[in-house]
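Visitor: build the 3D model from these lines:
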Amino acid sequence: MPVLPVIDLLLLAGWTSLLVGFVLKVADLLTRGNQSIFSLSPIDFLMMAVVSFLFAIALAARTWVASQSSSKLAVRRREETLGAYHALQVDDNPAEDDDDLAAS
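Guide: Here you go, the predicted structure:
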């Protein structure tokens, strides 16, 4: 499932709820009484916006970390392969190893 449309949807929901909360707060200041939509106050819309933005940031960060882990894994795998190759090259000539042991 593509992640970018989900992040865009969360950002849209955050900005929309922030705008609705701002309009509701302005209406609350200009008129008497407490203005609400479906019993949601302006602070509720602010909290919804913050939660939407945090989810969008968390999802973007998780996607970025997942994309970076494959390159680190490839580098580690390459280093392990080169280390094993060099270990095999040293073990291919046991006569040199015996000479090194006799000299020490």
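Visitor: ok, I37 touching A27?
Guide: No - if you go by C-beta atoms under 8 Å, I37 and A27 don't touch, sitting 9.9 Å apart. Yep, even glycine has a C-beta here, placed from its N, CA and C like the rest.
Visitor: which helix of the protein spans the most residues?
Guide: Determined from DSSP state H, the single longest helix within the chain is helix 42-91.
Visitor: elements contacting that one?
Guide: With contacts taken as 3 or more C-beta pairs under 8 Å, 6 or more residues apart in numbering; DSSP states H and E, helix 42-91 sits against helix 4-30.
Visitor: pull the helix or strand with minimum mean pLDDT from the protein.
Guide: Least confident helix or strand of the chain, by mean pLDDT, DSSP states H and E, is helix 94-103 with a mean of 55.
Visitor: pLDDT of the longest helix of the chain, averaged?
Guide: The pLDDT scores in helix 42-91 average 86.
Visitor: give me the angle between that helix and helix 4-30.
Guide: Counting by axes from the mean of the first three to the mean of the last three C-alpha atoms, to 10 degrees, helix 42-91 points 150 degrees away from the direction of helix 4-30.
Visitor: run the chain-centre distance for helix 42-91.
Guide: Relative to the centre of its chain, helix 42-91 is centred 7 Å away, using C-alpha atoms, centre = their mean, to the nearest Å.
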